[in-house]
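Engineer: no sequence for this one, just the structure:
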């Protein structure tokens, strides 16, 4: 537990909910963006340390509200 760090990926966009195999799932272009952001190289660059990654749409949405 002492070596556990949190990693956050924050994005803002549109999505739809749909049911597949009895489970509710999210779909849409912005969902694909989040999946790609989750496959980033930050973990290796930071040697496994905690980080937060904000997408540009997330930063823009936060500054507008």
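Structural biologist: That came through, no problem. Keep in mind it's a predicted model, so treat the numbers as computed, not measured.

Engineer: For residue 9, report the pLDDT, please.
Structural biologist: Here, the pLDDT recorded for residue 9 equals 91.

Engineer: can I assume it is in contact with residue 38?
Structural biologist: Yes: assessed by CB atoms under 8 Å, residue 9 is found in contact with residue 38 at 5.6 Å. Placement of C-beta: from N, CA and C, glycine included.

Engineer: out of those two, which sits in the more crowded spot?
Structural biologist: The neighbour count for residue 9 versus residue 38, taken as other CB atoms under 10 Å, is higher for residue 9 (19 against 11).

Engineer: before we move on, which element is residue 53 in?
Structural biologist: Here residue 53, judged by DSSP states H and E, is contained in strand 51-54.

Engineer: ok, now residue 59?
Structural biologist: Secondary structure assignment for residue 59, by DSSP H and E: helix 56-64.

Engineer: just to revisit the earlier point, neighbouring strands for the strand holding residue 53, and are they parallel or not?
Structural biologist: Here strand 51-54 is paired, per DSSP bridges, with strand 7-10 (parallel).

Engineer: now what about the strand it pairs with, what contacts it?
Structural biologist: Residues from elsewhere that reach strand 7-10 (CB atoms under 8 Å, 6 or more residues apart in numbering): 34, 37-38, 40, 42-43, 50-55, 58.

Engineer: If anything else comes up later, I'll come back, but that's it for now.
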